[in-house]
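Asks: here is a sequence with its predicted model. Questions after.
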Amino acid sequence: MGVERRHALASKALGRSLVPPQAEEENPALTAVTGEILDVSPHLIIVENPEGVEERLVIAPWATAWRGSVITPADLPTGSRVVIRARQSGRVADRLWGDVTRVTGVILSMGRDGRDRTVELHCGPHRGTREVVIPYGASGRIAVRHPRLEPGYLFDAIGTRVEGVTTAYLPATSQPPYRATAVPPPPPAYNGVQSRISGAAAWSDAFDEGEAGVAYPMLERADSQCDDAGVSCTGLPYLSLGSMLYVGNVCESRAAVLPIVACGCMAGRFCDRCVECGTSPRGRIAELSPASFVELGGDLTNGCFNARVGLG
Amino acid sequence: MAPETLATAALALVVLLLFLGGSAKAATAGSHAEPGGLARLGPGVLVPERWRKPVMIFCAGAEVVLAAGLVFTASPLPRWGTVTFFSVATYVLWELRRRRPDVGCGCFGDASGSPVGLRSIGRAVVLTGAAVLVAVVPVTGRNLLSPSWHTLIAFGAGLALLAVLSPEMEESLARVRHRAPCEQRPIAAPKALARLRSSSEWRSHLDLLTAAEPSDTWRELCWRFFVYPARVASGAEADVVFAVYLSGRRPPVRVAVVEGEAAGPLRKSIGVSAGH
């Protein structure tokens, strides 16, 4: 049975409203456009979205792009995958990320390829193993935030994926000092669960292209077929695939109610803070799809925002 | 036993519960500074969202004022006020159970998160009776100063009765033992299934079910859901959804029969990206 019926069935049983709740809009909406670049000029970009529809966007004069480093949008190569943050109901592009990817996982082994370093990562039972290249030019920057590039420790970096090769350029967080198997337990709680829990929200590319959704760490292992789920250093309540999760960006006053579509088994192992605006409480509480992350006002190269989550 | 003895014990019980309830509600209202924090505690869910916090604070204030009025004055106003308070509370709990079967009564703030059952309603009825006794027999706080043995025994018996009628007791003990509320405790599905199979809701829907094992099961907060394929009296295919509360020895079970695909308006698609 598909998990998409779960919210409706649960609402029936508990007498809740059947219509999924929607967060109220406070700021002008952002739209995320994803797809493959068909053509790009200094003022116009044409992309083919995952449904095969062509979308034409005007590039704002102040727009910037990122593809391993900050570039002008017109330098994005044709044929690359792009995530665009667009304003004016998706007509004006103001931030573009080309071939962007994020590698989050547990280090299995380290290697060398000339001057570059290579990392083999275990990215959770659903996502498998990934090979990442850290180019010599970025290795210092990544090593500063990841002092223990050793098997068993966590790794989280943002980079590009071009022709099947994943290259890490930016550290996405400060590496937790503990091994991936030694996540600190959540603080004891004698009160009831608060309806909104604060922490850091990250993004992940383990979603379908353009999909809106969220990966949540606190799932029952048997229900989610994910043996690594149910670990978090924050007191998160149990939810399931198909539950609707309210996610609010505290810095930007934007919020959305998104379905939980994947198991956030790696997110739960990071007990870090996001220092996007102020310092968030400890703990990564959700992993958003790139499209949802961008629509909530996040910057893919920053890797996180201070968030509040709750049951939708 | 003289009516005055019983009334003194009833006064002590009513004042104790009013004071505890008022302070627990005030603590809950104070700790959830952000909007929506009281969304899942009654009776706040029956009023619009912006009134929820004021209603909680008003209830807490009224309880403390009534308790003080009962102890320090002999005026009939707080006495009949308490009777009114508990009778209204009984009605509100009944209504809450009918309209929002998933929310807790909020009688003791967020300690009362488990859904309203007959026990919570029974407790409100017992307290209404105690309040009537206090209103009819003239006792004040002065009687509490020199309690007789009979009063103490009656007080102890009343307290035991209220403890039995309080669903908060089991959850509070479990929170102390596991150092986590029900929503954060891992609870195995077979345990919930065993509780479901011993419930009256299970027995009354057993004839409809066409399979022995659930077609889907999942957990959300303190509820575990089981979906069974079924056939309704008209012969149409249906799903029976059971929701089992995961706290307490005889937990509340809610059930709904959903016919065909009429499961309500869904979002256009909720895909699952990994592993399914």
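Replies: Right, received. Where do you want to start? All of these numbers come straight from a predicted model, not from anything done at the bench.
Asks: which residues of chain B fall in strands?
Replies: For chain B, the strands defined by DSSP state E occupy B:216-220, B:223-231, B:237-245, B:253-259.
Asks: now distance to residue B:7 and mean neighbour count too, for those strands, in CSV please.
Replies: The C-beta positions use only the backbone N, C-alpha and C, and glycine is treated the same way. Listed next are these as CSV, based on distance: least, CB to CB, whole Å; neighbours: other CB atoms under 10 Å in any protein chain shown:
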stretch, distance to residue B:7, mean neighbour count
strand B:216-220, 46, 24
strand B:223-231, 42, 22
strand B:237-245, 37, 24
strand B:253-259, 39, 18
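Asks: redo those strands as TSV? Include mean pLDDT and distance to residue A:35.
Replies: Shown next, in TSV, are the strands of chain B (pLDDT from 0 to 100; distance: least, CB to CB, whole Å):
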stretch	mean pLDDT	distance to residue A:35
strand B:216-220	87	33
strand B:223-231	87	37
strand B:237-245	86	38
strand B:253-259	84	38
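Asks: using TSV, lay out these together with distance to residue B:189.
Replies: Shown next, in TSV, are the strands of chain B (distance: least, CB to CB, whole Å):
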stretch	distance to residue B:189
strand B:216-220	6
strand B:223-231	6
strand B:237-245	10
strand B:253-259	15
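Asks: now the ones you listed as JSON lines including distance to chain A?
Replies: Below are the strands of chain B laid out as JSON lines (distance: least, CB to the nearest CB, whole Å):
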{"stretch": "strand B:216-220", "distance to chain A": "4"}
{"stretch": "strand B:223-231", "distance to chain A": "6"}
{"stretch": "strand B:237-245", "distance to chain A": "4"}
{"stretch": "strand B:253-259", "distance to chain A": "4"}
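Asks: looking at these, which is nearest to residue B:96?
Replies: strand B:253-259 (13.5 Å; CB to CB).
Asks: ok and that closest one relative to strand B:237-245, angle-wise?
Replies: Per axes from the mean of the first three to the mean of the last three CA atoms, to 10 degrees, the angle that strand B:253-259 makes with strand B:237-245 is 160 degrees.
Asks: helices or strands next to strand B:253-259 in the packing?
Replies: The contact analysis (3 or more CB pairs under 8 Å, 6 or more residues apart in numbering or on different chains; DSSP states H and E) places strand B:253-259 against helix A:6-14, helix B:200-205, strand B:237-245.
Asks: now it, how far from the chain's geometric center?
Replies: 21 Å (CA atoms, centre = their mean, to the nearest Å).
Asks: likewise stretch B:181-199?
Replies: Between the centre of stretch B:181-199 and the centre of its host chain there is 18 Å, according to CA atoms, centre = their mean.
Asks: end-to-end on that stretch?
Replies: One end of stretch B:181-199 sits 23 Å from the other (CA to CA, to the nearest Å).
Asks: can you give me the helices in the stretch 51-200 of chain B?
Replies: Using DSSP state H, counting those that start in this stretch, the helices of the stretch 51-200 of chain B run over B:52-72, B:76-99, B:118-136, B:141-145, B:149-164, B:168-178, B:189-197, B:200-205.
Asks: stretch A:272-283 near chain B anywhere?
Replies: No. Stretch A:272-283 does not reach chain B (CB under 8 Å from any CB of the partner chain); its nearest approach is 12.9 Å.
Asks: how about that stretch: buried residues?
Replies: A:272-274, A:276, A:280, A:282-283 (16 or more other CB atoms under 10 Å in any protein chain shown).
Asks: point out where the chain drops to low pLDDT.
Replies: No chain was given, so I picked chain A. Within chain A, the ranges that satisfy pLDDT under 70 run A:1, A:17-28, A:190-195, A:312.
Asks: meant chain B, my bad for not saying
Replies: B:1, B:31-43, B:260-276.
Asks: domain parsing for it?
Replies: Domain assignment for chain B by automatic domain parsing gives B:3-179, B:185-259.
Asks: ends of the last one, what's the gap?
Replies: Between the opening and closing residues of domain B:185-259 there is a gap of 33 Å (CA to CA).
Asks: how about the helices and strands packed on strand B:253-259 in CSV, adding distance to residue B:101?
Replies: Listed next are the helices and strands packed on strand B:253-259 as CSV, based on distance: least, CB to CB, whole Å:
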stretch, distance to residue B:101
helix A:6-14, 6
helix B:200-205, 11
strand B:237-245, 9
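Asks: nearest to residue A:307, out of these?
Replies: Of all those, it is helix A:6-14 that lies closest to residue A:307, at 20.8 Å by CB to CB.
Asks: name the helices or strands packed onto that closest one?
Replies: Contacts defined by 3+ CB pairs under 8 Å, 6+ apart place helix A:6-14 against strand B:216-220, strand B:223-231, strand B:237-245, strand B:253-259.
Asks: so which of the buried residues of stretch A:272-283 belong to helices?
Replies: Within those, no residue falls in helices by DSSP state H.
Asks: chain A: helices as residue ranges?
Replies: Counting by DSSP H, the helices of chain A are A:6-14, A:136-145, A:221-224, A:290-295.
Asks: CSV for the ones you listed, including mean neighbour count?
Replies: As requested, the helices of chain A are exported to CSV (neighbours: other CB atoms under 10 Å in any protein chain shown):
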stretch, mean neighbour count
helix A:6-14, 23
helix A:136-145, 15
helix A:221-224, 21
helix A:290-295, 24
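Asks: okay if I get these as TSV plus distance to residue A:202?
Replies: Below are the helices of chain A laid out as TSV (distance: least, CB to CB, whole Å):
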stretch	distance to residue A:202
helix A:6-14	24
helix A:136-145	14
helix A:221-224	19
helix A:290-295	8
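Asks: residue numbers of the stretch 151-300 of chain A in contact with chain B?
Replies: Residues of the stretch 151-300 of chain A found near chain B (CB under 8 Å from any CB) are A:186, A:188-196, A:206-208, A:211, A:213, A:215, A:218, A:220, A:222-223, A:225-226, A:230, A:235-243, A:259, A:261-263, A:289.
Asks: could I have the buried ones of these as PyMOL selection syntax?
Replies: For the buried members of these, the matching PyMOL selection, counting by 16+ other CB under 10 Å, is:
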select buried, chain A and resi 186+189+192+193+194+195+196+206+207+208+211+213+215+218+220+222+223+226+230+235+236+237+238+239+240+241+242+243+259+261+262+263+289
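Asks: the residues of the stretch 151-300 of chain A next to chain B in strands, which ones?
Replies: A:215, A:259, A:261-263.
Asks: near residue 89, how many other residues are there?
Replies: All of this is about chain A. Residue A:89 has 10 neighbours, counted by other CB atoms under 10 Å in any protein chain shown.
Asks: that's the wrong chain, I meant chain B
Replies: Here the number of neighbours of residue B:89 (other CB under 10 Å) works out to 23.
Asks: that older thread, among the helices and strands packed on strand B:253-259, which is nearest residue B:179?
Replies: Comparing these by CB to CB, strand B:237-245 comes nearest, at 20.3 Å.
Asks: partners of the closest one in the sheet?
Replies: strand B:223-231 (antiparallel), strand B:253-259 (antiparallel) (DSSP bridges).
Asks: picking that back up, farthest pair within the ones in strands among the residues of the stretch 151-300 of chain A next to chain B?
Replies: A:259 and A:263 (13.3 Å).
Asks: so what's the nearest residue to residue B:199 once chain neighbours are set aside up against?
Replies: Distance criterion CB to CB, 6 or more residues apart in numbering or on different chains; nearest residue to residue B:199, sequence neighbours excluded, is residue B:253 at 4.3 Å. Going by CB atoms under 8 Å, 6 or more residues apart in numbering or on different chains, residue B:253 touches B:195-196, B:199-202, B:242-245.
Asks: closest one of the residues you listed to residue A:67?
Replies: Taking CB to CB as the measure, residue A:67 sits nearest to residue B:243 out of these, at 48.5 Å.
Asks: these two touch, right, that closest one and residue B:222?
Replies: No. With contact defined as CB atoms under 8 Å, residue B:243 does not reach residue B:222; the gap is 10.1 Å.
Asks: I'm done for today, thanks for sticking with me.
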